[in-house]
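Enquirer: requesting a structural model of the entry that follows:
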Amino acid sequence: MKTTKELTAAGLLIAIAVILSYPMFKLMGSIGFDSMPAFLGAAVIGPIAGGFIGSIAHMVSALLTGMPLSLPIHLVVAVTMYMSCFAYGWTRKRSNRYLAIIVGIVMNGPISLGLSSLVAMAIGYPFAGMLMFATLIVPLTLAASVNVIIADVIVGFIGLRLSKSIGA
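Expert: Residues are numbered from 1 along each chain as shown. Okay, the predicted model is just below:
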């Protein structure tokens, strides 16, 4: 982030993500709408900023809920959130929005869940491996789809103006 406006926008998006992490915005367990602001930030501010927004927001929301999946799993999720938001923002800037939506959904759904499932299995977490993957693949991919699509629609409506006002 190069400017104070970008840093301020990132902070506001993290705050919105934390608000969206509260139970009233959840689809299932810890799956909800809290990654949407990170995808928005990745498109408007930039892929690196969006990645940091996603990983920081995830760790804050995990702390607020008492780290239900353990610190190692939440650290993996934070890293995969960074990768998902970065990949979406990078693809959106260099290709087109439709490919970026697919990349964001696949990265934030099956790929991040697969990595988290493997790490959970490696550390001996009881709900791990294929059981974790099979149980969470549909709701997590649905939530990833909703988050990425809502962020992309917002970018379509206000993104260019927002990007110009932030200076990104």
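
Enquirer: quick one: residue 75 from residue 157, how far?
Expert: Using Cβ to Cβ, to the nearest Å, residue 75 is found at 34 Å from residue 157. Quick note: C-beta positions are derived from backbone N, CA and C, even for glycine.

Enquirer: who's more crowded, those two?
Expert: residue 75 (16 against 10; other Cβ atoms under 10 Å).

Enquirer: touching, residue 123 and residue 71? I think so.
Expert: No: under the criterion of Cβ atoms under 8 Å, residue 123 is not in contact with residue 71, lying 10.1 Å apart.

Enquirer: using PDB, list the CA coordinates for stretch 86-104.
Expert: Extracted C-alpha coordinates of stretch 86-104, given in PDB (Å, rounded to 0.1, in the frame of the first residue of the first chain):
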ATOM      1  CA  PHE A  86      -4.200 -12.200  -4.200                       C
ATOM      2  CA  ALA A  87      -5.000 -14.600  -7.100                       C
ATOM      3  CA  TYR A  88      -8.400 -13.000  -7.600                       C
ATOM      4  CA  GLY A  89      -7.100  -9.500  -7.600                       C
ATOM      5  CA  TRP A  90      -4.100 -10.400  -9.800                       C
ATOM      6  CA  THR A  91      -6.300 -12.200 -12.300                       C
ATOM      7  CA  ARG A  92      -8.900  -9.400 -12.300                       C
ATOM      8  CA  LYS A  93      -6.200  -6.800 -13.100                       C
ATOM      9  CA  ARG A  94      -4.400  -8.800 -15.800                       C
ATOM     10  CA  SER A  95      -7.300 -10.800 -17.400                       C
ATOM     11  CA  ASN A  96     -11.000 -10.400 -16.900                       C
ATOM     12  CA  ARG A  97     -13.500 -10.400 -14.200                       C
ATOM     13  CA  TYR A  98     -15.100 -13.700 -15.100                       C
ATOM     14  CA  LEU A  99     -11.900 -15.700 -15.000                       C
ATOM     15  CA  ALA A 100     -11.000 -13.800 -11.700                       C
ATOM     16  CA  ILE A 101     -14.300 -14.900 -10.200                       C
ATOM     17  CA  ILE A 102     -13.600 -18.600 -11.100                       C
ATOM     18  CA  VAL A 103     -10.000 -18.300  -9.700                       C
ATOM     19  CA  GLY A 104     -11.300 -16.700  -6.500                       C
END
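
Enquirer: this completes my enquiry, with thanks.
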